[in-house]
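Student: Please find the sequence and the predicted model below.
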Amino acid sequence: MAQTAGVKPMTIAGRVAVERERCLGMTDAERSWRKQWLKDQVLAPHEPVHVEEYYRELTNPIRRFYRKPLDVIFNALAPALGSERAMTMRYFTGKLGLIAIGILGTHYYFKYNGNDWSKQGGWRVMTTKPTVLPGQPGFPFKSTRTHTDYADRGFKKSALYC
């Protein structure tokens, strides 16, 4: 959803935001308003201010929990790296960590939860016969499988098979 929820945004600068409008002429009230508006655009030296209570109020406790380890590490590194660089590194470290956990989880699942004859669950990974075109070595392709090899699902590799 749009930031304004479908309502057209209204500028607070008014007609004096455009230089051409200001050149056409401004009243004294518009001049004083514009002067005050320009003063308000300047931030104080201590801004932006981080208010811990505001952060705690807006952030989910579960999110604060899983973000805490990287926050502690990069808050300690911020004086050496600079706050902007530490924030950037913290962001990319978190994303790369989540990607690594996803890849390792997928690898673990396919390695230890394969579909074989002993259980019903798991993903069944099958290979197809290779494509061998006329003129290539091995044409026509003849399979080395026998009729007992089909639908085997790894039973012949088990200790029960004699």
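Tutor: Arrived safely, thanks for sending. Numbering: from 1, shown residues only.
Student: Name the helix or strand for Phe74, please.
Tutor: helix 61-81 (DSSP states H and E).
Student: Tell me the buried residues in the top helix by length along the chain?
Tutor: In the chain, assigned by DSSP state H, the helix with the most residues is helix 83-112. Buried residues in helix 83-112, defined by neighbour count with 16 or more other CB atoms under 10 Å: Ala86, Met89, Arg90, Gly94. Backbone N, C-alpha and C define where each C-beta goes, glycine included.
Student: same for the helix holding Phe74, what does it pack against?
Tutor: Identification of packing neighbours for helix 61-81 by 3 or more CB pairs under 8 Å, 6 or more residues apart in numbering; DSSP states H and E yields helix 83-112.
Student: the inter-axis angle of the helix it packs on versus helix 61-81?
Tutor: Comparing the axes of helix 83-112 and helix 61-81 via axes from the mean of the first three to the mean of the last three CA atoms, to 10 degrees yields an angle of 130 degrees.
Student: low-confidence ranges in this protein?
Tutor: When residues are selected by pLDDT under 70, those of the chain lie in 1-2.
Student: surely Pro81 meets Thr88?
Tutor: Heads up, residue 81 is Leu, not Pro. No: applying CB atoms under 8 Å as the test, Leu81 and Thr88 come out as separate, 9.1 Å apart.
Student: quick one: what helix or strand has Ala151 in it?
Tutor: Element membership for Ala151 (DSSP H and E) is empty, with no helix or strand holding it.
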